[in-house]
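# quick one, what's the 3D model for this:
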Amino acid sequence: MSKPAFIHREVIVFRRFRRKGYALFACLGREVVIGVLSAFTLAHATAKGVSIKPIKADTIAAATEKEMALGEVSVTGTRAPLTSGRSVRMVSVLTRADIAATPAQSVNDLLKLVAGVDVRQRGPLGAQADVSIRGGNNEQIALLLNGINICDPQTGHNSFDFPVSISDIERIEVLRGPAGRLYGTSSLTGAINIVTSPFPHPSQSSQSSHFSQLSHPSHYSLAAEASAGSYGYALASARVAMASRAVGGSLSGSYASSDGYSRNRAGGLNADYSGGKAFFQGRYVADAMALRWHAGMSVKGCGSNTFYGAAWDDQYEHTLKTFAALQAETHVGGFSMRSAVYWNHGADRFELYRGADDKSPFNYHRHDVMGVNVGGFFDSPLGRTAIGAELRNEDLVSTTLGEPLARPHHVGGTDRYYEYGLNRTSLNFMLEHNFAWRGLTLSAGIVAARNTWSDMNFRVYPGVDMGYAFGRGFSAYASFATSLRMPSATELYYSVGGHKADKHLRPEQLAAVEGGLRYASGGVVAMAAVYHNHYSDLIDWVRTVADGPNAPWRSVNLTEINALGVEASLQLGLGSLLPSQRVLRSLGVSYSYISQGKANAEGLESKYSLEYLRHKFVATLGINLWRALTLDVNCRWHDRTGTYTATDGTTVSYTPYAVADARLAWTARRLSLYIEANNIFGKSYVDYGNVPQPGFWFIAGAAVKLKIKN
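Predicted coordinates:
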């Protein structure tokens, strides 16, 4: 169900600047035809759109060319440099309607349907997955919660342990391509922003400006959901939300568990999963100020199968994460400003032999990330100018990662001590200016980044973008963007279990050129894009094939790699194109292709960068079977390049595979019943090395929603 942003909404024409912010992240669900647009504002905008038209479940069928008036923007002070402007980038949005129609139990499952996104699942039901964009790896994307960077400084493997359930999510925004000017030094190949809503009805909140009181009366809503299925899967969740004229908030919680789909050689569980989430969020709006906050916790324990090495089939991992953020927005004269402060905390325990600390000592890690950012923009006769800055400190203590600590810290509940650690601070400054004339938009900007790690001095990364709207429904864009990424603590220091890290790794850098065409009119939305990525000092884990299956994995800087990619999609609103019938609702197809050079990788086996999806094809079909009964089907075909070493020591190439999923749902006003089937044909496949994925599995569930007005 994932679609480029512009396929979900009407064409929006920005005619001129006014002293108000335009809801740019809100435009991710629409095609944006730019008159004057600030890429920096895009970076600051939340997905709480402010269009005057409510979101509909089947918006693809209603795509039009109608011009829409925009209210004031919810300008957010997240890590907000500037991209090339949303209108000249490949951005996809999964709306609330898409999420409800997709047979998915986690954000990982939802992202499988987005072209250019690679989800290398190690365990289903949200146990663990490595998500990457356009041939990169899981460390190279920025993951954000309501615009707040929640990337894990220890490892990208744990980045998706965030506290929100699917029922909390209003939309998911996926930006493909370097986003250093937008989200800083963790967004080398793209960014994923998970946007939640504190209101009972996201479609209503999406119409509200941060600087106008809510027009709907005070009311409460209650929601609960329960489901069960294959492999002992069970889920229970609940959510209560409130909205008044100035304040909105919600509190949610969920718990899920599964016995897992595989067993270790001794017959014990090794892919089981259990975890809980709790999330509180709210918003206050007044005449000249808006506040938004969220706080959440995620606790998870999962059997790690052979995730980190085929020789060990009884690994286990436990993670705990908490998140808190406060965001404020205000307008002073002609200057719009938004700021934020946040704190992310995480702790995890890895067991190479489950429950057997005597066989191999458990690895303990704990991190705290503190950040503050501020940004703003102002308009002038020459266009819109934006500035911003962010200060972020990452502090990690560990039993294995980092430099020796002068004073070890006790590991709670054990007789162990954190004896190593890493503390580093990054500082980013951003500047950008936009100019527009008729259908042409030009945007240029820089981000200056400095990190105390290895005494890195300020480095400047520029970008320039151009968009042009012509004809009725046609637009073209081109962009040049640069970015960098700091190595994670794991890449720098993990030297156990057959791994040998290099603490002298250099930051990796990317320069990308992209161009594309788009069309949206009368229920038809099509796009095609081509891009070229040039990586310098690309970081990866590799080992020499000639040294055999026991050769150590080494973290290295690959000198240079070039990648050429193509992405295309076609979305049809069948209700609009074929109005005489009411059965076929929507049809979508997307395809992505990557060709990546390997000249400097002769004889090497790679864990990430040299194993990528060369081909990815996705097809989705929405059907209205009868009244409130709907069927949604999606199919995916993957062809991954690269090899891995099997348990018997042989070198195995990845083989292409196709998977089909479906969701049958009956939806009434207050009650929904559904059945979801994944891997319908029981295809045997692997996304990563020696970790086979489950065959056919199903889930059945029910959801209840109640609304109470004062």
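
# show me the contacts for the residue sitting nearest the centre point of the chain.
Closest to where the C-alpha atoms of the chain average out (C-alpha atoms, centre = their mean) is I192, at 2.7 Å. Residues near I192 by C-beta atoms under 8 Å, 6 or more residues apart in numbering: 111, 131, 141-144, 172-175. Using the backbone N, CA and C atoms, a C-beta is placed for each residue, glycine as well.

# just curious, which of the residues you listed is nearest to A356?
Comparing those against A356 with C-beta to C-beta places V131 closest, at 30.8 Å.

# where do the strands sit along the stretch 101-250 of the chain?
117-123, 128-133, 141-145, 148-149, 169-176, 190-196, 219-229, 233-243, 247-258 (DSSP state E, counting those that start in this stretch).

# chain center to the third one, what's the gap?
Right, strand 141-145. In terms of C-alpha atoms, centre = their mean, to the nearest Å, the centre of strand 141-145 is found 6 Å from the chain centre.

# please apply the same query to the longest one.
For strand 247-258, the distance between its averaged C-alpha position and the chain's averaged C-alpha position is 20 Å (C-alpha atoms, centre = their mean).

# which secondary structure elements does the next helix or strand after it contact?
The helix or strand immediately downstream of strand 247-258 is strand 273-285, counting by DSSP states H and E. Counting contacts by 3 or more C-beta pairs under 8 Å, 6 or more residues apart in numbering; DSSP states H and E, strand 273-285 packs against strand 247-258, strand 289-305.

# CA atoms of strand 273-285 as PDB?
Extracted C-alpha coordinates of strand 273-285, given in PDB (Å, rounded to 0.1, in the frame of the first residue of the first chain):
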ATOM      1  CA  TYR A 273       9.300 -12.800  21.200                       C
ATOM      2  CA  SER A 274       7.600 -10.800  23.900                       C
ATOM      3  CA  GLY A 275       7.300  -7.100  24.500                       C
ATOM      4  CA  GLY A 276       5.300  -4.200  25.700                       C
ATOM      5  CA  LYS A 277       4.900  -0.500  24.700                       C
ATOM      6  CA  ALA A 278       3.500   2.500  26.500                       C
ATOM      7  CA  PHE A 279       3.100   6.000  24.900                       C
ATOM      8  CA  PHE A 280       1.800   9.300  26.100                       C
ATOM      9  CA  GLN A 281       1.500  12.300  23.900                       C
ATOM     10  CA  GLY A 282      -0.300  15.700  23.900                       C
ATOM     11  CA  ARG A 283      -0.600  19.100  22.400                       C
ATOM     12  CA  TYR A 284      -1.600  22.600  23.600                       C
ATOM     13  CA  VAL A 285      -2.400  25.400  21.300                       C
END
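
# show me what that strand pairs with in its sheet, parallel or antiparallel.
Strand 273-285 has its sheet partners listed here by DSSP bridges as strand 247-258 (antiparallel), strand 289-305 (antiparallel).

# before we move on, the earlier item: now the contacts of I192 in CSV, with neighbour count?
Output for those, formatted as CSV (neighbours: other C-beta atoms under 10 Å):
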residue, neighbour count
L111, 22
V131, 25
I141, 29
A142, 27
L143, 23
L144, 24
I172, 24
E173, 23
V174, 26
L175, 30
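
# related to what we said a few turns ago, any idea which of the strands of the stretch 101-250 of the chain gets closest to G642?
With C-beta to C-beta as the measure, strand 117-123 is the member of those nearest G642 (10.9 Å).

# understood, closing this out.
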